[in-house]
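1. build me a model:
(chains A and B)
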Amino acid sequence: MTAITTVPAQAALTRPTARPRGLATWATLARRRIMLSAHTPREILAPLVTPLLFALVIAPALAKMIPGGGGYSTFVIVGTVGLLIPLTCTFAGIGVIVDRASGARRELLAAPIPRSLIVLGNMAVAVAVSLLQVTVLIAAGRLRGSHFHVTAAGAAWFAGAVLAFTVFMYAVAEILANRIPTQEEYVGLTPVVAILPWFLAGSLFPITALPGWLAAVARALPTTHTLALLRYGVLSRGGAGLHDIWGLHSTTTDAALSLLVLAGWAVLLTAASIRVFNRSAVN
Amino acid sequence: MSARLHAVSDGTRPAVEVARLRKTYPGGIEAVRGIDFQVAPGEVFGLLGPNGAGKSTTIGMLTTTIKPTGGSARLAGFDVARDPVAARSVSSVVFQEPVVDKALTGRRNLELHARLWGTPASAAARRITELAASFGLAEVLGRTVDSFSGGQRRRLEIARALVSEPQVLFLDEPTVGLDTRIRYELLDLIGGLRGRTGMTTVLTTHYLDEAERLCDRIAVMSQGTIVALDRPAALLAGLGTELVELRVDHDPAGALAAMRAHRLAGGDAFAVGSTLTVPVHGSPAQDTVAALTGLGIHAAAVTTRKPTLDDVYLQLTGSKLAA
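-> Now for the predicted structure:
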C-alpha cells in the first residue's frame, strides 16, 4: 500500500455553525409540503369537492329515502368525516413515496434537523387539509339545512376527535408509505385502509345494526370512536354511538374513554411512524 | 452557541477524521472494513474505486444516512454517530441522483435548503443572488426546475449545497451520466470552488481525470479497504516514468509469468483481461519491447507510454492476474 501522507491545513475551521430551531424547521417542512401539494388553485379546490358533494347532494339524497329523515342527513354528514380524513391522509402518504422515488428525501435526510420533524411536517399539512375539509363539510351541511347543536364543550370533543383521528390516520399512511415499495401497491391498499372501516364504523347506520361479531370488531375501530365522539360533540342527543361502544351510564365518561383510545392510538402510531421512517431511511 | 460548536474553531483539527470506520450490513456483507483517513481544512480529497468498493457506504456514513457498525468519523469535530445533527450542520452533499424538488422554482429550492440549514434569511438571499450569478443560473432561477436543462439542474444542485456555506462539501459522483460538454463545464465549476472560504471537499468519482484534476489527495478503495492514499503525482510515481502495454489474446497470465521469470516485469505489472501493463523502471521501455520477441509472446499490439492514474487505479483494483 502506498504510504499515507497528510496535507498541512490550508484553512482553518473558523465559521460558527448556524443550526435551525425546531419550530422553524417544522414550519419549513410543512411549507415545503404545501408548496408541493397545494400550491395551485386546482390542488386547493380538489379536496373540497368530496365534502361539498356529500353535504349538498349525497346526505340529503339518502335522507329522502327515510320518512322524516332530516336528522339522518345530519347524521350522514358527520359520518362523512370518517371517510374524508382517511382519504386525505392516505393520499398525503403518496407524497412520502414521491419524495423517496424522486430523491428529494435524501436532501431532507442530509439536513441538520431531527428526522422526526420530516414526518411531523408532512403530518401538519395533512391535519390542515383535513380541518379545512371538515369545516367546509359542516358549513355546507348547515347551509343545506342540517341542524348542529354546538356548545363549547361539544366543539372541544369534536375538535379533539378530528385532531386525534387525523394524526392517527396520517401515522398509518406514513408507516404504509415507508413500508410499501411502489406507489401502485400503496394506492391499491387505499380502499382497505380508508374506505372499508368507514362502512363498519357507524357512518351510515348505528353499529348495533351489524351482526354481533362484526359489531365487536367495529367497537375496536378508531373510526367508530371518532364518529361517536363527533356526533356527541355537535348533535343533540348525539351520545348514542358512545353508548353503543361502552354501555356506561355516563356519556361524558364514554366520551372521555373514546378520546383516550383515539389519543392513545395517535401517540402510539406517530411514534411508530417516526421509527419506521428512520429505519426505512437510514441503513 | 454550545461549547461543542466552539471546538471547531481552533484551526488545527482536521475537517474530516475517519478512524477504523466499518460497516457490516445484515447478512454479514462487509462493505467497509475499518478504514482510516483524515482530510485537512480546505483540502480536496478524492475517493476512487470500482462499484462495490465501499465509496458510497463511506459517504453514507459521513453524511449520517448509514450507521457505522464500528470505528468513528468526525466532521469538523462532530462525531457522525453521537452528534449527527451537528455533523450535518457543517456539511452539504451533492448527490449522484437529483434531489431537488422539480415542481418548485430554482429559487424556492435554494431557499428551502437555506432554511433547513438555519441560514439567516438576509444572508441566504445574498448568497442565492451570488451563486445564481456565478453559476449562470440568474436567468432561470424563477422557473420550475422541471424546465431546466440537465446542466442547469446539476449546477442548481451544487449551488443548493453551497447556500449554507458548508465547511465540508461531499460530491458523490457529481458528473456521472452527463454529456461531455456539461461535464467539462461542471469540472471548471467544481475546480473554482477550491477558493471558496476554505471549504473542504470530499469527492467520489469513477473518472480518474476528474480526480487528477481536482484532488489534492486520492484514496483508492477496493473491497471495503483503502489500498492507496496519496497525492496524484506520488501515486503515479510508483509506476515509474514509462510503461509497456501489450494485448495478448491467448494466455495473458502465462505471458505475464514469462515476463516476470525473465525480469522484464516486476511485481507491479498487472493484467486486466487480455491487456498486460508493465511498468518499466530504470531502463528505456523500448528495451523491454525488444526483449519480448525472444520470449515467444505473441502480442496483438504493443505500445509504450507514460503512466496515468488509470494505470494506478487498475493496478490497485483490477489486477486479478498480477498477484
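2. for the residue nearest to A:Ile180 when sequence neighbours are not counted, the count of nearby residues, please.
-> Closest residue to A:Ile180 apart from its sequence neighbours, by CB to CB, 6 or more residues apart in numbering or on different chains: A:Tyr186 at 4.6 Å. C-beta coordinates here come from the backbone N, C-alpha and C atoms, glycine included. Residues lying near A:Tyr186 (other CB atoms under 10 Å in any protein chain shown) number 20.
3. what's the separation between the closest residue to chain B within the stretch 51-200 of chain A and B:Pro68?
-> Residue of the stretch 51-200 of chain A nearest chain B, by CB to the nearest CB: A:Pro112 (3.5 Å). With distances taken as CB to CB, to the nearest Å, A:Pro112 is found 19 Å from B:Pro68.
4. can you check B:Asp311 too?
-> Going from B:Asp311 to B:Pro68 by CB to CB gives 33 Å.
5. check A:Thr166 too.
-> A:Thr166 is 38 Å from B:Pro68, where distance means CB to CB.
6. what lies in contact with stretch B:295-312?
-> Contacts of stretch B:295-312 with the rest of the structure, by CB atoms under 8 Å, 6 or more residues apart in numbering or on different chains, involve B:208-209, B:211-212, B:218, B:220, B:228, B:232, B:235-236, B:238-250, B:255, B:258-259, B:262, B:264, B:274, B:277, B:279-280, B:285-286, B:289, B:292.
7. quick one, grab the pLDDT at A:Leu248.
-> pLDDT, A:Leu248: 89.
8. just checking, it is part of a helix?
-> No - looking at A:Leu248 with DSSP: H, G, I helix; E, B strand; the rest coil, it is coil, so not inside a helix.
9. count of residues packed around it?
-> For A:Leu248, the neighbour count with other CB under 10 Å is 12.
10. ok, now B:Gly192?
-> B:Gly192 has 11 nearby residues by other CB under 10 Å.
11. how about the contacts made by it?
-> With CB under 8 Å, 6+ apart, B:Gly192 has no contacts at all.
12. helix or strand for it, which one?
-> helix B:180-192 (DSSP states H and E).
13. again, but for B:Thr277
-> strand B:275-280.
14. now that strand: buried residues?
-> Within strand B:275-280, the residues scored as buried using 16 or more other CB atoms under 10 Å in any protein chain shown are B:Leu276, B:Thr277, B:Val278, B:Pro279, B:Val280.
15. what is that strand packed up against?
-> Applying 3 or more CB pairs under 8 Å, 6 or more residues apart in numbering or on different chains; DSSP states H and E, one finds that strand B:275-280 contacts strand B:242-247, helix B:252-261, strand B:270-272, helix B:309-317.
16. how does it look with 7 Å?
-> Counting contacts by 3 or more CB pairs under 7 Å, 6 or more residues apart in numbering or on different chains; DSSP states H and E, strand B:275-280 packs against strand B:242-247, helix B:252-261.
17. mean neighbour count, these: which tops it?
-> Highest mean neighbour count of the helices and strands packed on strand B:275-280: strand B:242-247, a mean of 20 (counted as mean count of other CB atoms under 10 Å in any protein chain shown).
18. who does it pair up with?
-> Using DSSP bridges, the strands paired with strand B:242-247 are strand B:275-280 (antiparallel), strand B:301-305 (antiparallel).
19. wait, doesn't B:Arg127 sit right on B:Val163?
-> Yes - taking contacts as CB atoms under 7 Å, B:Arg127 lies within contact range of B:Val163: 5.4 Å.
20. the helix or strand harbouring B:Ser92: what's the following helix or strand?
-> Element membership for B:Ser92 (DSSP H and E) is strand B:91-94. For strand B:91-94, the following helix or strand on the C-terminal side (DSSP H and E) is helix B:106-116.
21. quick one: that following helix near chain A?
-> Yes - using CB under 7 Å from any CB of the partner chain, helix B:106-116 reaches chain A at B:Arg108, B:Leu112, B:Arg115, B:Leu116.
22. packing partners for that helix?
-> In terms of contacts (3+ CB pairs under 7 Å, 6+ apart), helix B:106-116 is packed against helix A:22-37, helix B:121-134, helix B:150-162.
23. ok so, going back, so can I have TSV of the strands paired with strand B:242-247 showing mean pLDDT?
-> Output for those, formatted as TSV (pLDDT from 0 to 100):
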stretch	mean pLDDT
strand B:275-280	88
strand B:301-305	88
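24. before we move on, back to that, tell me the secondary structure at the residue of the stretch 51-200 of chain A closest to chain B.
-> Per three-state DSSP, A:Pro112 ends up coil.
25. gap between it and B:Gln96?
-> With distances taken as CB to CB, A:Pro112 is found 21 Å from B:Gln96.
26. the two: who's more crowded?
-> Between A:Pro112 and B:Gln96, A:Pro112 has the larger neighbour count (other CB under 10 Å), namely 24 against 18.
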